[in-house]
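Participant: Sequence and predicted structure below; questions after.
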Amino acid sequence: LTGLFLAMHYTADTYSAFSSVAHICRDVNYGWLIRNIHANGASLFFICIYLHIGRGLYYGSYMYKETWNIGVILLFLVMATAFVGYVLPWGQMSFWGATVITNLLSAVPYMGNTLVQWIWGGFSVDKATLTRFFAFHFIFPFLIAGVSIVHLLFLHETGSNNPTGMTSNQDKIPFHPYFSFKDILGFIMLLLVLMTISLLSPNLLGDPENFTPANPLVTPPHIQPE
């Protein structure tokens, strides 16, 4: 929802992307809040995903192969969505992050360089890259929603895992009110954490370098060969 409001004012152009984000934060009514909730919400979402994966590993959910494999696909899709979204503000870390990560594909045998240039839409990260990354960032969430439904369908077949590691049809309780109230409480707590970070320390999880417009001629000091 916050992404839709941001998209109304964002410009996917290398010359005006950075300034359009500044415009959202400075000139649009409550634009700074929408942008902070969007950025920090993504970070909080990943924390929840990692907790979910940790729980799955602890309970041995990987034994249910279909559910687990679709979950892995979902993780890669969410990571791809976050990556292309990180490029959109077109700050220094956005540009150099896109350059470094996409260049990893050049290691693919025989077709690596061709693949990288195909993703870039040219011979370097430029306007074509930014435009298609903006499109991907808009499309991927719908794809994630579809795959999530498939994930839940497989989960419905096997049932959720639990600390006992056993599935029983004898000892069951209704979802409402026992789990619905518990989930609502958890959602409210997460919302409070998100609003606290967004209002009191919105740049806590950000990189200082991304407050500088992208410059292909200047590499951030901490980016160096491994």
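Facilitator: Good, I have the coordinates. Numbers count the residues shown, from 1 in each chain.

Participant: Would you enumerate the residues in contact with the residue sitting nearest the centre point of the chain?
Facilitator: Central residue of the chain (CA atoms, centre = their mean): residue 82, 2.9 Å from the mean position. Applying CB atoms under 8 Å, 6 or more residues apart in numbering to residue 82 gives the contacts 42, 46. C-betas here are computed from N, CA, C, even on glycine.

Participant: Any stretches of the chain with poor pLDDT?
Facilitator: Within the chain, the stretches with pLDDT under 70 are 165, 168, 224-226.

Participant: Most remote residue from the middle of it, which is it?
Facilitator: Distance to the chain centre peaks in the chain at residue 170, reaching 39.5 Å (criterion: CA atoms, centre = their mean).

Participant: can you tell me which helix or strand the residue nearest to the centre of the chain belongs to?
Facilitator: helix 65-87 (DSSP states H and E).

Participant: Just the buried residues of that helix, please?
Facilitator: 67-68, 70-71, 74, 77-78, 81, 83-87 (16 or more other CB atoms under 10 Å).

Participant: one step back: which of the three states applies to the residue farthest from the centre of the chain?
Facilitator: Applying DSSP: H, G, I helix; E, B strand; the rest coil to residue 170 yields a three-state assignment of coil.

Participant: quick one, phi psi at it?
Facilitator: phi -90, psi -40 (degrees, to the nearest 10).

Participant: quick one: it and residue 155, what's the gap?
Facilitator: With distances taken as CB to CB, to the nearest Å, residue 170 is found 20 Å from residue 155.
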